[in-house]
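Q: model this:
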Amino acid sequence: LTKNPKIESSWLIVALQVHHLQSASPGQFNFIQWHFTLRRLLPQPMCRMLAVMAHQAANPTRRVFLGVSAAALGGPSAQSADSGPLYLLTYDHGGLILWGIDHLAARLRDALAWLDRYPGFKIGLENEAYTYDTLAERDPKLLAEIRAALTRYAGRFGIGTCTYGQPLSTFINEESNIRQIAYALEADRLHLGCAPETYLMSEHAMHAQLPQILVGLGFRCAIMRSHFMMYGYNPTFDAAVGWWTGPDGSRIPTVPTYLGEGAEFGRTTTDNWILTRCPGPDCKGSLQEFRAQYAHLSPAIATRADDSDLRREDLVRQTEGHPEYRWILLEDLRRVLPPPTKEFRTRPNDFTVRMPWGYCGNEIWNQSRRAEAAVLTAERLAALELLGGGVNREAELDIAWKNLLVGQHHDVQICGLLPEARRFGLGSRLMETC
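A: Take a look at the predicted model:
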């Protein structure tokens, strides 16, 4: 390939890695670390050869490895010129738990100002639905501001709220999983007049039975990505879209976590990092490199669902007027995605999770489990009372359920928010009701 000894040795490193990946699985290789190592090793002219090799590689892990290598060297892949635009989807993750009303209002107005400045930009909110119930009581003017923005920026501002209390869904029981989503959709429609048809979450709220729940509650699409993988991550797939199929056979069109996009505790997916840190001192990678890495997928979609403080206006400015980057909302996905042909059949152990067991003496998790048992018992007793001609306690039970669902919030549990845990858990009106 070359007579330069330094380049020859660098190319040998690439060749050895390719050979190693002939039968490797995605979890056996750190694509992000390799990406930045390669940028220090090889000159840009080699990127075209790597891109061609990536396109021809039969082994999917090997193919993504070569695509990452090509992208790291700063050149387009063999397919990037005709692979279509890179779609960009961004949702502010926040709400009232941990953040409060003033922070929510400030970040909302900041997002709307970006919509005024950049006509091609789109953004949505991924708050816990408890936020909207609380605003209706405590700050109806701010709630009205959100409703007005949905009208003023129709097609450019959206709602991505899919759960009532943003839980880590593996660690709550079956009925809580259903109520988290059902109460969220109810609150969305009651207060905002709309609800998402595509399931999106920032932190890990994924498990094998979600297709059954989502289809049953009327969802038409899903994004199987945990954008911040502190306490869980998903299986990865080398496909743009597929049928996410649960153990019971229920299935839903789904954008997966791409092979090499991220499957590691304590990190974000690569696209989420780009959309929250680039350009800037913590930037790793770029939209150009992400597009080149996944040029074999059509369409490729980069997504962000992260803290509302973590977004970069400079990145939005750079994409404005460039047709190779197109901002979309969740409601645009079904128009953008082709019909699924592949199947993403997932099993319970395909979703990798952890918890800091022992934190706060396990008080928060123990409270949550006892509260689940209490509200389920109360619901059954209330049904018997009503059948016997007694009082209808549906409104009280709704309050009890909603308290429980907020107590299951990931920030309550993993940030150790004991006052909130006690307020919404066993020491709350929930237990008085039960």
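Q: can you map out the helices along the stretch 251-400 of the chain?
A: Using DSSP state H, counting those that start in this stretch, the helices of the stretch 251-400 of the chain run over 270-277, 287-293, 313-319, 333-336, 363-387, 394-407.
Q: I'd like the average pLDDT over the fifth one.
A: For helix 363-387, mean pLDDT rounds to 94.
Q: So which residues of this protein form strands?
A: Remark: strands assigned in the chain by DSSP state E are 86-94, 123-127, 157-159, 198-199, 221-224, 232-233, 236-237, 242-245, 251-258, 300-307, 325-328, 342-345, 352-353.
Q: Could you export these as TSV, including mean neighbour count?
A: Any C-beta I mention is one placed from the backbone N, CA and C, and that applies to glycine too. Formatted as TSV, those follow (neighbours: other Cβ atoms under 10 Å):
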stretch	mean neighbour count
strand 86-94	25
strand 123-127	26
strand 157-159	24
strand 198-199	26
strand 221-224	24
strand 232-233	24
strand 236-237	24
strand 242-245	22
strand 251-258	24
strand 300-307	23
strand 325-328	20
strand 342-345	17
strand 352-353	18
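Q: and of the helices of the stretch 251-400 of the chain, who's closest to G262?
A: Closest to G262 of the helices of the stretch 251-400 of the chain is helix 270-277 (Cβ to Cβ; 5.8 Å).
Q: before we move on, the earlier item: using TSV, lay out the strands of the chain together with mean pLDDT and distance to Q293.
A: Shown next, in TSV, are the strands of the chain (pLDDT from 0 to 100; distance: least, Cβ to Cβ, whole Å):
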stretch	mean pLDDT	distance to Q293
strand 86-94	97	10
strand 123-127	98	24
strand 157-159	98	27
strand 198-199	98	24
strand 221-224	98	18
strand 232-233	98	18
strand 236-237	98	13
strand 242-245	98	19
strand 251-258	98	8
strand 300-307	98	9
strand 325-328	98	15
strand 342-345	98	19
strand 352-353	97	23
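Q: Now render those strands as TSV, adding distance to I178.
A: Output for the strands of the chain, formatted as TSV (distance: least, Cβ to Cβ, whole Å):
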stretch	distance to I178
strand 86-94	22
strand 123-127	20
strand 157-159	20
strand 198-199	13
strand 221-224	16
strand 232-233	19
strand 236-237	26
strand 242-245	18
strand 251-258	15
strand 300-307	22
strand 325-328	29
strand 342-345	22
strand 352-353	19
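Q: hang on, the earlier thing: with mean neighbour count and distance to A148 added, can I get the helices of the stretch 251-400 of the chain in a markdown table?
A: Output for the helices of the stretch 251-400 of the chain, formatted as a markdown table (neighbours: other Cβ atoms under 10 Å; distance: least, Cβ to Cβ, whole Å):
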| stretch | mean neighbour count | distance to A148 |
| --- | --- | --- |
| helix 270-277 | 24 | 26 |
| helix 287-293 | 24 | 31 |
| helix 313-319 | 16 | 22 |
| helix 333-336 | 15 | 25 |
| helix 363-387 | 16 | 36 |
| helix 394-407 | 21 | 26 |
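Q: who wins for proximity to H191 among those helices?
A: Among these, the nearest to H191 by Cβ to Cβ is helix 394-407 (13.6 Å).
Q: coming back round to it: right, and the helices of the stretch 251-400 of the chain - which one's nearest T161?
A: Smallest distance to T161 across the helices of the stretch 251-400 of the chain (Cβ to Cβ): 12.7 Å, for helix 394-407.
Q: isn't Q212 right up against G246?
A: Yes - the criterion here is Cβ atoms under 8 Å, and Q212 meets it with G246 at 4.8 Å.
Q: R347 and H207, how far apart?
A: Per Cβ to Cβ, to the nearest Å, R347 is found 10 Å from H207.
Q: Who has more neighbours out of the two?
A: H207 (20 against 10; other Cβ atoms under 10 Å).
Q: Please report phi then psi for that one.
A: Note on H207: its backbone torsions stand at phi -160, psi 170 [degrees, to the nearest 10].
Q: can you tell me which residues contact it?
A: Counting by Cβ atoms under 8 Å, 6 or more residues apart in numbering, H207 touches 169-170, 177, 348, 351.
Q: Contacts only, for the residue lying closest to D188 once chain neighbours are set aside.
A: Nearest residue to D188 in three dimensions, chain neighbours excluded: A195, at 3.9 Å (Cβ to Cβ, 6 or more residues apart in numbering). Residues near A195 by Cβ under 8 Å, 6+ apart: 159, 161, 184-185, 188-189.
Q: what's the burial count for P340?
A: So P340, with other Cβ under 10 Å, has 18 neighbours.
Q: ok, it touching I252?
A: No - in this structure, P340 is not within contact of I252 by Cβ under 8 Å, at 9.1 Å.
Q: Where does the prediction get shaky in the stretch 51-200 of the chain?
A: The stretch 51-200 of the chain contains residues with pLDDT under 70 at 51-83.
Q: Please enumerate the helices of it.
A: Under the criterion DSSP H, counting those that start in this stretch, the stretch 51-200 of the chain contains helices at 60-72, 101-117, 130-138, 140-152, 174-192.
Q: Relative to the whole chain's centre, how far out is the last one?
A: It stands for helix 174-192. 18 Å (Cα atoms, centre = their mean, to the nearest Å).
Q: helices and strands around that helix, which ones?
A: Applying 3 or more Cβ pairs under 8 Å, 6 or more residues apart in numbering; DSSP states H and E, we find helix 174-192 packed against helix 130-138, helix 140-152, helix 210-216, helix 363-387, helix 394-407.
Q: To D102, which of those helices lies closest?
A: For those, proximity to D102 was assessed by Cβ to Cβ; helix 140-152 is nearest, at 9.8 Å.
Q: Next, the angle from the closest one to helix 101-117.
A: In terms of direction (axes from the mean of the first three to the mean of the last three Cα atoms, to 10 degrees), helix 140-152 departs from helix 101-117 by 20 degrees.
Q: Find the nearest non-adjacent residue to P119, please.
A: E320 (7.7 Å).
Q: Run through the residues that contact that neighbour.
A: The contact partners of E320, taken as Cβ under 8 Å, 6+ apart, are 118-121.
Q: Identify the farthest-apart pair in the residues you listed.
A: Greatest spatial distance in the contacts of E320: P119 and F121, 7.3 Å, computed using Cβ to Cβ.
Q: Fine by me, we can end here.
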